[in-house]
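Enquirer: give me a 3D structure for the following:
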Amino acid sequence: MDADAPIGVFDSGVGGLTVLRALTARLPDEHTIYLGDTARVPYGTRSGEVVTRYALMSARHLARHRIKLLVVACNTVSAHSLPALASALPIPVLGVIEPGAQLAAARTRGGAIAILGTPATIASGAYQRTLRRLAPLAPVIARACPLFVPLAEEGWTDGEVPRLVAERYLADLRRARVDTAVLGCTHYPLLARTIAEVLGPEVAIVDSAEAITRSVSTLLREHGLLRESGDSAARHRTLCTDVPERFRSVAERFLGRPVGEVELVDLAT
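Expert: Next comes the predicted model:
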């Protein structure tokens, strides 16, 4: 593997851009290439077998760009497909669930840990199983919050509407001695401030995007694959499988910066 090679980041849509944003903030010298499979989003309504088939198509496409590491910035794929991806690629593959659960286990102070995610991620039980292994004494409360995704994509992250939705989903957690909450969907960091306001200041918010960025940094350092800061400026490519114009407008809101060209790709070729 070449230290100058890009980091590949894959998601079923735009949510993984919060992971990309955290990565480029922590590792500003690294090249990146992001692929959003917008032609097949959402993955959460698919079977595990179909999710894995789609994920392998995206992973193999990114591998053709000679990436040095694949970051699976999708909770559904992380829950169902990591072993298949790791077997198919000759490079390290990291998902978002293990790093997020590790950080939650480290931050809990003896209270309950809440997992906030999409219905598919919650139904998979992946976070719950991982936390039972990492923090066996901590009660775990899993809560599906499906309306957070469209709110994030529409840019409704502050104000009365997201606050009311968050209250509906989360108000009872204040009475359940929750001291740590994991944002188990890559859209949810855009609503982190509203979520924190509803849960209260005593609850630690764990952003899985920040957690996996720590894991990426550690892995690259251990393998001698960190790109040197004195080299040329970092390059960032953005790929999607459908409606690049819509993707670009949402991506700029998620990343907080201009995106430039979004390349349309066909994973079947």
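
Enquirer: not counting its neighbours along the chain, what's nearest residue 59?
Expert: Spatial nearest neighbour of residue 59, excluding adjacent residues (Cβ to Cβ, 6 or more residues apart in numbering): residue 85 at 5.2 Å. C-beta here means a position set from N, CA and C on the backbone, and glycine is covered the same way.

Enquirer: against residue 224, how distant is that neighbour?
Expert: 23 Å (Cβ to Cβ, to the nearest Å).

Enquirer: quick one: which of those two has more around it?
Expert: Taking other Cβ atoms under 10 Å, residue 85 and residue 224 do not tie; residue 85 has more neighbours (24 against 8).

Enquirer: list the contacts for the closest residue in space to residue 73 that isn't next to it in sequence?
Expert: Excluding its sequence neighbours, the residue lying closest to residue 73 (Cβ to Cβ, 6+ apart) is residue 16, at 2.9 Å. When contacts are counted by Cβ atoms under 8 Å, 6 or more residues apart in numbering, residue 16 touches 9, 10, 34, 36, 73, 74, 186.

Enquirer: and the last one, how far is that from residue 153?
Expert: Read it as residue 186. 12 Å.

Enquirer: who has more neighbours out of these two?
Expert: residue 186 (31 against 17).

Enquirer: which SS class is the spatially closest residue to the more buried one that is not a sequence neighbour?
Expert: Excluding the flanking residues, the one nearest residue 186 by Cβ to Cβ, 6+ apart is residue 15, at 3.6 Å. Put simply, residue 15 is coil when judged by DSSP: H, G, I helix; E, B strand; the rest coil.

Enquirer: before we move on, back to that, now the element after whichever strand or helix holds the residue nearest to residue 59, going C-ward?
Expert: With elements taken from DSSP states H and E, the one containing residue 85 is helix 82-88. Next helix or strand after helix 82-88 toward the C-terminus (DSSP H and E): strand 93-95.

Enquirer: what pLDDT is listed against residue 257?
Expert: Listed pLDDT for residue 257 reads 86.

Enquirer: am I right that it sits in a helix?
Expert: No. Residue 257 is assigned coil when assessed by three-state DSSP, not a helix.

Enquirer: ok, it - contacts?
Expert: Residue 257 neighbours (Cβ under 8 Å, 6+ apart): none.

Enquirer: that one and residue 11: what is the separation?
Expert: From residue 257 over to residue 11 (counting by Cβ to Cβ), the distance is 18 Å.

Enquirer: next: residue 94.
Expert: On the measure of Cβ to Cβ, residue 94 and residue 11 end up 13 Å apart.

Enquirer: higher neighbour count, the two?
Expert: Remark: of residue 94 and residue 11, residue 11 carries more neighbours, 29 against 21, as counted by other Cβ under 10 Å.

Enquirer: so residue 198 sits against residue 172, correct?
Expert: No. Using Cβ atoms under 8 Å, residue 198 is not in contact with residue 172, being 10.8 Å away.

Enquirer: if you count surrounding residues, which of these two has more?
Expert: Neighbour totals were compared for residue 198 and residue 172, and residue 198 leads with 22 against 12 (other Cβ under 10 Å).

Enquirer: for the more buried one, list the residues it contacts.
Expert: Residue 198 neighbours (Cβ under 8 Å, 6+ apart): 163, 166, 167, 170, 171.

Enquirer: one more time with 7 Å, if that's ok
Expert: Residues counted as contacts of residue 198 (Cβ atoms under 7 Å, 6 or more residues apart in numbering) are 166, 167, 170, 171.
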